[in-house]
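*Asks:* predicted model and sequence below, questions to follow.
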Amino acid sequence: MEFLGFLLNLALFFAGMGALIWAYLAFSPMTRDLVAFLSRDQQINIFKNRRIYWTVGIACLGVLFLRVVFGFADPAGGDALSEGASVLGQAHWFWLVPLVGGGVMVAFLYWAMYVPVVMAPPKAHRLVGRDEADEFLEPESVVLGIELDGETKAYPRDLIARPHWFNDELGGRPLMVSYCILCNSGQAFVPVLENGQRLDLRNMTAFDNNTIYHCTRTRNFIQQLDGKVIRGPNEGEILESYPVVMARWDEWKRLHPDTRVYFAPPHTFRDRFTQRMLMKMVPLSKLAARDEPWHVVRKEIDPRLPAMSFVFGAEANGEYVAFPVVTMRETPVVNDEVGGVPIVVLYDKEHDIGQVYRRKVGERTLTFENATGSDGESLVARDTETGSTWNVSGHGLAGPLATERLEPAPHWNQLFWFSWAAFKPGTRIYGQ
């Protein structure tokens with residue numbers, strides 16, 4: 001009987017701990033590679049059933065704990081403990097050691113590194129001007145910048161890296177500014193479905209190193225680099241999006257002196273702990289210096305470019321094109337067509353900032369060439385049709401089109417090649 005009791009205690013302990021850990025593995029940057037064999041759908045299913053796993057785990061460990069408590073009871077005493085012991089049996093007090101140790105370990109793992117909880121939205125934020133932003137941003141700090149309807153904002157990478165998104169409003173429309181630290185991929189989505197439902201998105205996990213969001217209201221799941229609902233009631237819908245610019249803070253504020261900055265510092269101890277851990281583990285410079293992605297990638301990495309090299313990824317009408325930054329340094333103005341849409345890639349190699357635009361202004365399709373300035377102004381391009389000059393932000397600087405601004409084309413700004421190739425298969429590489 002004692003041996004059977006030991007086997008029962010062992011089964012309860014491992015079943016309880018196993019259920020809790022299984023519901024954790026795919027949702028922590030520390031353990032995700034242990035379950036790299038799981039498909040995206042399998043990860044989503046585990047998340048959807050997480051409360052069942054938690055219930056099973058807590059119930060098994062709870063029964064084992066009660067058996068330990070009943071082990072102190074006198075079976076012949078007739079009290080409540082004795083009656084419980086006759087139903088559930090008894091366990092030696094020694095089982096308190098793995099119970100307490102395992103419980104503390106699991107509690108810490110969920111508290112410190114369970115992505116759906118840890119990557120929480122900021123408790124509070126405020127918008128600050130350029131001068132105030134200089135107090136907490138270094139000149140070389142990376143920001144995600146966006147200009148929409150004449151309004152410009154910047155989102156510090158080091159602050160958005162923990163939650164992976166900020167909810168904001170720009171140009172009179174709601175925006176979810178998203179960022180995946182493992183892909184260096186940023187994009188601004190309009191978090192509203194076609195039926196008018198507002199999404200309340202949270203970071204869930206990463207698949208092939210790219211974050212997956214889940215909506216707490218609609219139970220939809222969205223892959224960041226797909227920009228569409230991959231599971232849920234609205235599966236297949238693609239969110240309206242706007243490209244963001246990866247730039248150093250000193251260059252962004254030079255081009256946009258009236259910019260405002262979304263300042264959302266961590267407030268709680270856990271937020272500060274997590275942010276500091278992320279900045280130590282995966283700073284952009286450390287990621288870019290790697291030969292391979294941080295986590296295991298299920299798909300074969302496209303060998304045409306180094307996995308961690310930066311590209312501008314443009315897409316239109318089902319066609320995808322990658323413009324390697326190393327190529328743009330040699331050819332900072334590129335005229336091309338993507339999906340039949342005339343586009344131009346402008347890259348200021350001196351300041352490492354670029355963007356992709358449509359080449360059409362009004363009814364006229366422009367052709368651009370490289371240009372340099374002699375008065376300190378950062379000129380990047382000149383169109384051959386009117387002779388107007390343009391900067392990297394797509395603003396006309398001089399000439400007949402000096403008051404115009406080029407329309408940004410759908411693209412991803414300076415993300416890692418492996419991620420673009422993985423989620424946009426069949427992509428063409430400019431220059432190859």
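*Replies:* Alright, I've got the coordinates.
*Asks:* which residue lies nearest the spatial centre of the chain?
*Replies:* Among the residues of the chain, the one closest to the centroid is residue 180, at 2.5 Å (CA atoms, centre = their mean).
*Asks:* can you tell me the closest non-neighbouring residue to it?
*Replies:* residue 211 (4.4 Å; CB to CB, 6 or more residues apart in numbering). Yep, even glycine has a C-beta here, placed from its N, CA and C like the rest.
*Asks:* burial measure for that neighbour, as a count.
*Replies:* Here the number of neighbours of residue 211 (other CB atoms under 10 Å) works out to 24.
*Asks:* test my guess that it contacts residue 224.
*Replies:* Yes. Assessed by CB atoms under 8 Å, residue 211 is found in contact with residue 224 at 4.9 Å.
*Asks:* who touches both of the two?
*Replies:* Residues within reach of residue 211 and of residue 224 at once, by CB atoms under 8 Å, 6 or more residues apart in numbering, are 178, 180.
*Asks:* just after the helix or strand of the chain with the lowest mean pLDDT, pick out the following helix or strand.
*Replies:* Taking mean pLDDT, DSSP states H and E as the measure, the helix or strand of the chain with the lowest value is helix 80-88, at a mean of 57. Using DSSP states H and E, the helix or strand that follows helix 80-88 in sequence is helix 96-113.
*Asks:* let me see the contact set for residue 287.
*Replies:* Contacts of residue 287 (CB under 8 Å, 6+ apart): 181, 182, 184, 294, 308, 416.
*Asks:* the residue nearest to the centre of the chain pairs with what?
*Replies:* residue 185 (DSSP bridges).
*Asks:* pLDDT score for it?
*Replies:* On pLDDT, residue 180 comes in at 96.
*Asks:* thought it was touching residue 212?
*Replies:* No. Assessed by CB under 8 Å, residue 180 is found out of contact with residue 212, at 9.6 Å.
*Asks:* now do the shared contacts for these two.
*Replies:* Joint contacts of residue 180 and residue 212 (CB under 8 Å, 6+ apart) are 206, 224.
*Asks:* would you check how far apart residue 191 and residue 253 are?
*Replies:* Using CB to CB, to the nearest Å, we find residue 191 at a distance of 27 Å from residue 253.
*Asks:* those two: which is more packed in?
*Replies:* Set residue 191 next to residue 253 and count neighbours by other CB under 10 Å: residue 253 wins out with 24 against 21.
*Asks:* quick check: chain neighbours aside, which residue is closest to that one?
*Replies:* Nearest to residue 253 is residue 130, by CB to CB, 6+ apart, at 5.1 Å.
*Asks:* for the one you found, which residues are in contact?
*Replies:* Residue 130 neighbours (CB under 8 Å, 6+ apart): 253, 257, 258, 259, 261.
*Asks:* and which of the residues you listed is nearest residue 47?
*Replies:* residue 261 (33.3 Å; CB to CB).
*Asks:* elements contacting the host helix or strand of the closest one?
*Replies:* Taking DSSP H and E as the definition, one finds residue 261 inside strand 260-263. Secondary-structure packing of strand 260-263 (3 or more CB pairs under 8 Å, 6 or more residues apart in numbering; DSSP states H and E): strand 126-128, helix 130-133, strand 151-156.
*Asks:* now these as CSV including distance to residue 229 and mean pLDDT?
*Replies:* Formatted as CSV, the helices and strands packed on strand 260-263 follow (distance: least, CB to CB, whole Å; pLDDT from 0 to 100):
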stretch, distance to residue 229, mean pLDDT
strand 126-128, 30, 95
helix 130-133, 35, 96
strand 151-156, 24, 96
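*Asks:* point out the most buried one among those.
*Replies:* Neighbour counts (mean count of other CB atoms under 10 Å) averaged over each of the helices and strands packed on strand 260-263 peak at strand 151-156, with a mean of 22.
*Asks:* measure residue 163 to residue 430 for me?
*Replies:* From residue 163 to residue 430 the distance is 33 Å (CB to CB).
*Asks:* who has more neighbours, the two?
*Replies:* residue 163 (22 against 18).
*Asks:* on the three-state scheme, that one is what?
*Replies:* coil (DSSP: H, G, I helix; E, B strand; the rest coil).
*Asks:* you'd agree it is up against residue 117?
*Replies:* No. Using CB under 8 Å, residue 163 makes no contact with residue 117, being 11.3 Å away.
*Asks:* quick check: neighbours shared by the two?
*Replies:* Common neighbours of residue 163 and residue 117 (CB under 8 Å, 6+ apart) do not exist.
*Asks:* still on that earlier bit, separation between the residue nearest to residue 253 and residue 350?
*Replies:* From residue 130 to residue 350 the distance is 21 Å (CB to CB).
*Asks:* next one: residue 360
*Replies:* 28 Å.
*Asks:* could you do residue 424 as well?
*Replies:* Per CB to CB, residue 424 is found 29 Å from residue 350.
*Asks:* neighbour count winner among these two?
*Replies:* Comparing residue 424 with residue 350 by other CB under 10 Å, the one with more neighbours is residue 424, at 20 against 13.
*Asks:* alright, that wraps it up for me.
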